[in-house]
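**Student:** fold the following.
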Amino acid sequence: MTAYFVTSTGTDIGKTYVTAGIVRALRARGAAVSALKPVASGYSPETATASDAGALLDALGERVTADTVARISPWRYAAALSPDMAAAREGQMLDYGALVDFCRARVARNRGTLFIEGVGGVMVPLDASHTVRDWMAALGLPVILVAGSYLGTISHTLTALDVLARARLRVAGIIINESENSDVPLQETFATLRRFVGSIAMLTLARGAEEREFAILWDKITANAKP
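**Tutor:** Coordinates of the predicted model:
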């Protein structure tokens, strides 16, 4: 059993795109793989197939139904806000303890490789006192950090890495997912970040990547994943 937590430097950076791509690449190899998106905001049942949970289910070769979405994404909120704010709009509060227990149970019984995709960036609030970083720290899984290639991503990525290091979380890989309509060259972003990230595996993903490129990403991450 192997499990990873997929996080990012912010919202709409490409966590689901990267996770779904790797899931498809592993399935193409005949490997056992599963994925979760336990917390989602901005969710509507009417557009479930276009949601993050829908994209992961499609990558897993499963139908998008109310039951399958609920199985991989139990905490869903309509407002496209941080989970604490989105839950409050519905008169709720995310049960952080239940979230951690849910993930731990899935990790314990998983066979193969499991990806747990976070929500928003590293420090997004989940409730009144917990952030995504607290969630990651409670699980203690190796982290895959997805960054963009937009102007400002270097500072955002280094800040995220510092926050993860303070929580003693091990980063298995950084994936720079090419940002849409960015004038910042992808390879220059890579070269600059490379000077600051030490031995962490760092890879680039151009827009419209093919399945084989996700397979290459995964091989490089797993080669670096052992302590």
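**Student:** leaving out sequence neighbours, find the closest residue to Thr204.
**Tutor:** Ile176 (4.8 Å; CB to CB, 6 or more residues apart in numbering). The C-beta positions use only the backbone N, C-alpha and C, and glycine is treated the same way.
**Student:** list phi and psi for the one you found.
**Tutor:** phi -90, psi 100 (degrees, to the nearest 10).
**Student:** need the contact list for it.
**Tutor:** 147-149, 153, 186, 189-190, 193, 202-205 (CB atoms under 8 Å, 6 or more residues apart in numbering).
**Student:** could you redo the last one with a cut-off of 6 Å?
**Tutor:** Going by CB atoms under 6 Å, 6 or more residues apart in numbering, Ile176 touches 147, 149, 189-190, 204.
**Student:** next one: Thr2
**Tutor:** Thr113.
**Student:** report the separation between the residue lying farthest from the centre of the chain and Tyr77.
**Tutor:** Largest separation from the mean C-alpha position in the chain: Gly91, at 26.7 Å (CA atoms, centre = their mean). Counting by CB to CB, to the nearest Å, the gap from Gly91 to Tyr77 is 11 Å.
**Student:** next: Gly121.
**Tutor:** For Gly121 relative to Tyr77 (CB to CB), the value is 17 Å.
**Student:** so which of the contacts of Ile176 would you say is closest to Lys15?
**Tutor:** Comparing the contacts of Ile176 against Lys15 with CB to CB places Ala147 closest, at 10.5 Å.
**Student:** could you find the closest non-adjacent residue to that closest one?
**Tutor:** Thr157 (4.4 Å).
**Student:** would you mind listing the buried residues in the helix or strand bottoming out on mean pLDDT in the chain?
**Tutor:** Lowest on mean pLDDT, DSSP states H and E among the helices and strands of the chain sits helix 211-224, with a mean of 87. By neighbour count with 16 or more other CB atoms under 10 Å, helix 211-224 contains the buried residues 213-215, 217-218, 220-222, 224.
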